[in-house]
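In: Task: produce atomic coordinates for the following.
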Amino acid sequence: MEFVDEKRYRKIKNGVGRAIADFSLIEEGDRIAVAVSGGKDSYTLLHILESLRRRAPVKYELVALTIDSGYPGFRSDVIAAHLKEHGFTHHVEATTHYDIIKEKRRPGSSYCSICARLKRGVLYTLAQQHGCNKLALGHHLDDFVETLLLNQFFVGTLKAMAPRMLADNGETTVIRPLVYVEEREIIPFARENRFPVVCCCCPVCGKADIQRKRMKELLKELERENPAVKRSLLRALANVQPRHLLDRELQRICDVP
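Out: Here you go, the predicted model:
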């Protein structure tokens, strides 16, 4: 695929390449399942990984996986047509997640959190069924720092996301190659290249949950004073000083001579 804005493409590609190198995200012989929801982030991730694959010093394969959660009106056919047009191996898995969510979701709780958990479980299973040892997710830099703040403000834990981690099933390695890429780069990239963005069609489609929205607004306000605040928060995740935290287990580890 020829990308419209060469400068923006190279900036995103270089960010993904740096993340792959820094965290050993892709290795020789990997078969990588890429979760493609139909959103701007997952399309960008898939196309950038394919662009890198063609020139990479190591050989790896990509398989695009889409979960149809059963929301009325979800256009998985639009996603499938785009991926077929560009030659991707692709699979759509139909589920009854919407029915489960309607039954199990507590009033006032987030649709996104329960939906994400259900999708993640299916993605792990599908990755194994398609012979994939890794699962690539489209979380970008903003997702990392917003999650860090959400956990601190509302959960009381010092935790964000990992660029690479072994899934709970003990088999699949989850990777997040967009960790160095800001959302402000992805939005115009997806628009300029006319990725056919598809709404998930859930009752809150297109709306950030109220707490995440507050984190986005806070970061925008802080950026007026410090334009590099998001990059600084991301660097903090790679510069942990355990001796200066209150975690007793960490203190015990640090006190061992």
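
In: Is residue 218 in a helix, a strand, or coil?
Out: helix (DSSP: H, G, I helix; E, B strand; the rest coil).

In: Who are the contact partners of the closest residue to it other than its chain neighbours?
Out: Nearest in space to residue 218, with sequence neighbours left out and distances taken as C-beta to C-beta, 6 or more residues apart in numbering, is residue 149 at 7.1 Å. For every residue, glycine as well, the C-beta is placed using N, CA and C. Residues near residue 149 by C-beta atoms under 8 Å, 6 or more residues apart in numbering: 215, 218-219, 233.

In: Can you tell me which of the residues you listed are buried?
Out: 215, 219, 233 (16 or more other C-beta atoms under 10 Å).

In: Using TSV, please lay out the residues you listed together with pLDDT and distance to residue 115.
Out: What follows is the buried ones among the contacts of residue 149, written out as TSV (pLDDT from 0 to 100; distance: C-beta to C-beta, whole Å):
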residue	pLDDT	distance to residue 115
215	96	19
219	97	24
233	98	26
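
In: Redo the residues you listed as JSON lines? Include distance to residue 121.
Out: Putting these into JSON lines (distance: C-beta to C-beta, whole Å) gives the following:
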{"residue": "215", "distance to residue 121": "26"}
{"residue": "219", "distance to residue 121": "30"}
{"residue": "233", "distance to residue 121": "29"}
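
In: all helices of the chain, in order?
Out: Under the criterion DSSP state H, helices of the chain are mapped to 6-23, 40-53, 76-85, 97-104, 111-129, 141-150, 183-192, 210-225, 229-237, 248-255.

In: I'd like those helices as TSV, with distance to residue 160 appended.
Out: Formatted as TSV, those follow (distance: least, C-beta to C-beta, whole Å):
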stretch	distance to residue 160
helix 6-23	14
helix 40-53	17
helix 76-85	28
helix 97-104	25
helix 111-129	15
helix 141-150	4
helix 183-192	15
helix 210-225	12
helix 229-237	6
helix 248-255	16
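
In: Return the member of the buried ones among the contacts of residue 149 nearest to residue 182.
Out: Nearest to residue 182 among the buried ones among the contacts of residue 149, counting by C-beta to C-beta, is residue 219 at 10.8 Å.

In: Can you tell me which helix or strand of this protein has the lowest average pLDDT?
Out: helix 97-104 (a mean of 81; mean pLDDT, DSSP states H and E).

In: If you count neighbours, what's buried in that helix?
Out: Quick answer for helix 97-104 (16+ other C-beta under 10 Å): 97-98, 101.

In: elements contacting that helix?
Out: helix 111-129 (3 or more C-beta pairs under 8 Å, 6 or more residues apart in numbering; DSSP states H and E).

In: then the helix it packs on to PDB, C-alphas only?
Out: The C-alpha coordinates for helix 111-129 follow below in PDB (Å, rounded to 0.1, in the frame of the first residue of the first chain):
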ATOM      1  CA  TYR A 111     -19.500  -1.300  28.500                       C
ATOM      2  CA  CYS A 112     -15.900  -1.100  27.300                       C
ATOM      3  CA  SER A 113     -14.200  -2.900  30.200                       C
ATOM      4  CA  ILE A 114     -16.400  -6.000  30.100                       C
ATOM      5  CA  CYS A 115     -16.400  -6.100  26.300                       C
ATOM      6  CA  ALA A 116     -12.600  -5.900  26.200                       C
ATOM      7  CA  ARG A 117     -12.300  -8.800  28.600                       C
ATOM      8  CA  LEU A 118     -14.600 -10.900  26.600                       C
ATOM      9  CA  LYS A 119     -12.800 -10.100  23.300                       C
ATOM     10  CA  ARG A 120      -9.400 -10.700  24.800                       C
ATOM     11  CA  GLY A 121     -10.300 -14.300  25.800                       C
ATOM     12  CA  VAL A 122     -11.600 -15.000  22.300                       C
ATOM     13  CA  LEU A 123      -8.500 -13.500  20.800                       C
ATOM     14  CA  TYR A 124      -6.200 -15.700  22.800                       C
ATOM     15  CA  THR A 125      -8.100 -18.800  21.700                       C
ATOM     16  CA  LEU A 126      -8.200 -17.700  18.000                       C
ATOM     17  CA  ALA A 127      -4.500 -16.900  18.100                       C
ATOM     18  CA  GLN A 128      -3.700 -20.400  19.100                       C
ATOM     19  CA  GLN A 129      -6.200 -21.900  16.600                       C
END
